[in-house]
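# predicted model and sequence below, questions to follow.
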Amino acid sequence: MYMLMSESNFDIAALMAKPVWQMSGEEFVQLADYALSSKPSGTSSEPLYVYGIQALAAYIGCCPSTIYELKKNGVLTPAIVSQVGKKIVFNAALARELAEKYKREKRGEGQL
């Protein structure tokens with residue numbers, strides 16, 4: 001009969017020192033579960049930067065033409081960290097927030 005070993009049966013420090021190729025399946029799963037549960041949440045104090053229109057479009061989940069339009073209309077201006085020629089660095093979280101706010105406002109105007 002197959003039984004999973006309880007968390008107390010594994011010493012995490014010992015597992016972290018052990019090479020993966022020497023671990024049993026149970027040990028590997030236990031270490032993976034520990035790593036996932038101890039992972040810090042997505043709220044980081046450092047902003048996430050993306051480089052270029054294509055990367056921002058992929059991050060937000062829209063097409064690059066939408067990003068070009070938002071930039072042209074000045075919606076993304078506060079989210080631009082740096083621009084040298086065609087190279088643009090965006091604060092991704094702020095850009096997403098501004099795009100969503102613009103989208104909500106535009107939808108609200110269309111319903112009147």
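On my side now, so go ahead.
# pLDDT score for residue 81?
We have a pLDDT of 88 for residue 81.
# the residue nearest to it when sequence neighbours are not counted pairs with what?
The shortest distance from residue 81 to any non-neighbouring residue, by CB to CB, 6 or more residues apart in numbering, is to residue 89 (4.4 Å). Just so you know, the C-beta spots here come from the backbone N, C-alpha and C atoms, and that holds for glycine as well. Per DSSP bridges, the residues bridged to residue 89 are residue 51, residue 82.
# my read: residue 89 touches residue 49, true?
Yes. Using CB atoms under 8 Å, residue 89 is in contact with residue 49, at 5.5 Å.
# residues shared between the contacts of those two?
Common neighbours of residue 89 and residue 49, counting by CB atoms under 8 Å, 6 or more residues apart in numbering, are residue 81.
# quick one on the thing from earlier: what about the residue nearest to residue 81, distance to residue 74?
The gap separating residue 89 from residue 74 is 17 Å, by CB to CB, to the nearest Å.
# higher neighbour count, those two?
Taking other CB atoms under 10 Å, residue 89 and residue 74 do not tie; residue 89 has more neighbours (17 against 9).
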